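Student: sequence and predicted structure, then a few things I'm wondering about:
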Amino acid sequence: MTAPRPPDDGTRKSSFREQVEPEIEVLLRVALTITSNQADAEDLVQETLLRAYRAIDRFDGRHPRAWLLTILRNTNANLHRRQRPGTIGDWELLRTARPAFGRAELPSAEDSFVDHQLHADLDAAVRALDPRFRAALILVDVHELSYSEAAAVMGVPVGTVMSRLSRARDRVRTSLRFSPLTRGDLP
Amino acid sequence: MTGTLRQMLTCHWSARRIQRYLDADPAARLTPGEISRLEQHLATCEKCTQVADEHRVLHRALVLWSGGTAVDPRSVDRVRDFLSTINDEDTA
């Protein structure tokens, strides 16, 4: 009986590309949330991919998105440490996090209604949140990450994500109590 | 009196699970028993049903708010090109 042969270089590269390519857009979205700047987000994602490529031999092939998001978070923390030593806490990285605006396609009439009616109220309610709660809300509800993926970005346990998310949602929901959101005007 | 107290306790129990029920996240799924109990409660409790509806609408509003994606497609292309460069340079 012979031991399984390690994957050759070509297979390794092909596997890396297959796992990473579908995640580029979500990486950019999260990076944009963290950096609030398109160019910085791109730089952060490129640096993340470089580090991921160097570490591919240590990746078990499961949950590539969570793996990449963890690298992205650590890369961003390292970059900040270099720039401003000791001033950036884990969740502080997301202190300016805000929902990303912009739309690739024309909105439906219903979407337009939601946008116009809720935009200001929702914006104010989300911005009023504690940064830790806001980060959980944006990562899970806006970027649609799973709890585990959000935990990877925030560098906290899944239970902490759930707790912060729950508080964030309850606070936003309460803030919007008199908006169309809770008056039943929305389908 | 006992019925009211029981109702309050069930509302409290449900409130702690509504978001997990709606998210159905693999990291924190409710058990089939919890789902069944929660659904039974939602079928009869107007207040908790309203809370669940508000969470649904809030989530939908937040998803729409993001506009699907705010990332410039050219950024995606550039990063994709970069990915190719990593492979190519390593091969060279």
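Tutor: The structure has been received and is ready for your questions.
Student: SS state for residue B:40?
Tutor: In terms of secondary structure, residue B:40 is helix; the call rests on DSSP: H, G, I helix; E, B strand; the rest coil.
Student: please apply the same query to residue A:144.
Tutor: Using three-state DSSP, the structure places residue A:144 in coil.
Student: so residue A:152 sits right up against residue A:66, yeah?
Tutor: Yes - between residue A:152 and residue A:66 there is a contact at 4.6 Å, judged by CB atoms under 8 Å. Yep, even glycine has a C-beta here, placed from its N, CA and C like the rest.
Student: what's residue B:29 in contact with, if anything?
Tutor: residue B:20 (CB atoms under 8 Å, 6 or more residues apart in numbering or on different chains).
Student: can you pull the phi/psi pair for it?
Tutor: phi -70, psi 150 (degrees, to the nearest 10).
Student: ok, residue B:25 to residue A:140 distance?
Tutor: Remark: distance between residue B:25 and residue A:140 (CB to CB, to the nearest Å) = 8 Å.
Student: between these two, which one's more packed in?
Tutor: Higher neighbour count among residue B:25 and residue A:140: residue A:140, with 25 against 20, using other CB atoms under 10 Å in any protein chain shown.
Student: just the pLDDT at that one, thanks.
Tutor: Looking at residue A:140, its pLDDT reads 93.
Student: same check, this time on the one 4 residues further on
Tutor: As summarised for this prediction, residue A:144 has a pLDDT of 88.
Student: what about it, neighbour count?
Tutor: For residue A:144, the count of nearby residues is 15 (other CB under 10 Å).
Student: again, but for residue B:26
Tutor: By other CB under 10 Å, 9 other residues sit near residue B:26.
Student: export the strand or helix carrying residue A:169 as PDB, just CAs?
Tutor: Assigned by DSSP states H and E, residue A:169 belongs to helix A:158-175. Provided in PDB are the C-alpha atoms of helix A:158-175 (Å, rounded to 0.1, in the frame of the first residue of the first chain):
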ATOM      1  CA  VAL A 158     -19.800  32.900  16.500                       C
ATOM      2  CA  GLY A 159     -21.800  33.400  19.700                       C
ATOM      3  CA  THR A 160     -20.600  37.000  20.000                       C
ATOM      4  CA  VAL A 161     -21.600  37.600  16.400                       C
ATOM      5  CA  MET A 162     -25.100  36.300  17.200                       C
ATOM      6  CA  SER A 163     -25.400  38.400  20.300                       C
ATOM      7  CA  ARG A 164     -24.300  41.600  18.600                       C
ATOM      8  CA  LEU A 165     -26.400  40.900  15.500                       C
ATOM      9  CA  SER A 166     -29.500  40.400  17.700                       C
ATOM     10  CA  ARG A 167     -29.000  43.600  19.500                       C
ATOM     11  CA  ALA A 168     -28.300  45.500  16.300                       C
ATOM     12  CA  ARG A 169     -31.400  44.300  14.700                       C
ATOM     13  CA  ASP A 170     -33.600  44.900  17.700                       C
ATOM     14  CA  ARG A 171     -32.200  48.500  18.000                       C
ATOM     15  CA  VAL A 172     -32.800  49.200  14.300                       C
ATOM     16  CA  ARG A 173     -36.200  47.700  14.400                       C
ATOM     17  CA  THR A 174     -37.100  49.800  17.400                       C
ATOM     18  CA  SER A 175     -35.700  52.900  15.700                       C
END
